[in-house]
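Novice: Need coordinates for the following:
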Amino acid sequence: MAVIILPDAQDDLFSLQEYMLDKWSEADWLKAEDEIFEKLVLVDSGFLTGAPVQELALVGIFEYQNVFTSSHKLVYGRINTDVYVYAIAAHRQDFPTLLMKRLLKI
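Specialist: Okay, here's the model as predicted:
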């Protein structure tokens, strides 16, 4: 079992890091980062299963789940025993727009 953070999700993490370090403190970023990775460990271990991504479930796509930290939404899918992270978004972000850009690769 492994967690694979795909390149777009890595970009999301770097953007969130840059934003949080600019607006808040390093301690706030480190806390948020810990929450993200702790949640992914729970997903990978099977102790936590997210709900289908609502926007995708509305069109019949159920293989992508999301889980939440106190400030972020993590979108992932499981392939065999591995967890693939597709997106990491702040709660304040316009998630439908992020999702649409990701799907259309704009």
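Novice: what are the ranges of the strands in this structure?
Specialist: Taking DSSP state E as the test, the strands found in the chain are 3-5, 51-52, 64-68, 72-79, 82-90.
Novice: And the residue lying farthest from the centre of the chain, how close does it get to residue 71?
Specialist: The outermost residue of the chain relative to its centre, with distances by CA atoms, centre = their mean, is residue 25 at 21.4 Å. Here the criterion is CB to CB, to the nearest Å. By it, residue 25 lies 14 Å from residue 71. For every residue, glycine as well, the C-beta is placed using N, CA and C.
Novice: out of the strands of the chain, which comes closest to residue 105?
Specialist: Using CB to CB as the criterion, the shortest distance between residue 105 and these is 12.5 Å, found for strand 82-90.
Novice: Where does pLDDT dip in this protein?
Specialist: Low-confidence regions of the chain, defined by pLDDT under 70, span residues 106.
Novice: Mind checking which residue lies nearest the centre of it?
Specialist: residue 74 (2.1 Å).
Novice: Relative to residue 89, how far out is residue 69?
Specialist: As judged by CB to CB, residue 69 and residue 89 stand 11 Å apart.
Novice: and what of residue 27?
Specialist: Following CB to CB, the distance that separates residue 27 from residue 89 is 22 Å.
Novice: who has more neighbours, the two?
Specialist: Set side by side, residue 27 and residue 89 give different neighbour counts by other CB atoms under 10 Å, the larger being at residue 89 (22 against 8).
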